[in-house]
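Engineer: no sequence for this one, just the structure:
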């Protein structure tokens, strides 16, 4: 190999090294832009998650106020029914000597209906709480899914080993062709 061929071979290696450096810089820049975009998207997703939870919490508060247990109101309603029943019984001549429903049985029936209404209200309350819990979980799962999607196809950037192997391969080709 003469000096001209050796100089040409060294020039080719120098150009190849510069090309590899440029490609690595472009790959690193592209990977950094992808990561920045993924972080930006994750930030947006997390803000949407926060807003969704805040909205759902407001809905939950309004919904659960409907189920507020007011024992005083329940007792007042039971007393009202008892008084109404007593007036009805008195207008019919009282309960003395009548067969059938006794005053105590009627009052127990009124209380039973009140407590059954309370049990239904409690059951609906638990179902509503469970429903809101599931909605909160779904919001979190949607956010996790969106964040996974944002980070799933990121480039890892340039491969130093790959560039080194390509450079050595080019050098070997130049040496064999010389």
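Structural biologist: Structure received. Since the model is a prediction, treat every value here as computed from it, not as a measurement.
Engineer: elements contacting the worst-scoring helix or strand of the chain on mean pLDDT?
Structural biologist: When each helix and strand of the chain is scored by mean pLDDT, DSSP states H and E, helix 71-91 comes last, with a mean of 72. Applying 3 or more C-beta pairs under 8 Å, 6 or more residues apart in numbering; DSSP states H and E, we find helix 71-91 packed against helix 103-152. Glycine gets a C-beta too; all of them are placed from N, C-alpha and C.
Engineer: how about the least confident helix or strand of the chain: buried residues?
Structural biologist: 74, 78, 81, 85 (16 or more other C-beta atoms under 10 Å).
Engineer: could you dump those to TSV with distance to residue 55?
Structural biologist: Converted to TSV, these look like this (distance: C-beta to C-beta, whole Å):
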residue	distance to residue 55
74	32
78	38
81	40
85	46
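Engineer: Which one of those residues is nearest to residue 114?
Structural biologist: residue 78 (4.8 Å; C-beta to C-beta).
Engineer: The closest one and residue 151: what is the separation?
Structural biologist: Separation of residue 78 from residue 151 (C-beta to C-beta, to the nearest Å) stands at 60 Å.
Engineer: now residue 26
Structural biologist: For residue 26 relative to residue 151 (C-beta to C-beta), the value is 21 Å.
Engineer: Please identify which of those two sits among more neighbours.
Structural biologist: With neighbours defined as other C-beta atoms under 10 Å, residue 26 and residue 151 compare such that residue 151 has more, 14 against 11.
Engineer: longest helix of the chain?
Structural biologist: Assignment by DSSP state H gives helix 3-65 as the longest helix of the chain.
Engineer: mean confidence for that helix?
Structural biologist: The pLDDT scores in helix 3-65 average 88.
Engineer: gap between that helix and the chain center?
Structural biologist: What separates the centre of helix 3-65 from the centre of its chain is 24 Å, taken as C-alpha atoms, centre = their mean, to the nearest Å.
Engineer: For that helix, enumerate the helices and strands it packs against.
Structural biologist: Using 3+ C-beta pairs under 8 Å, 6+ apart, helix 3-65 sits against helix 103-152, helix 160-177.
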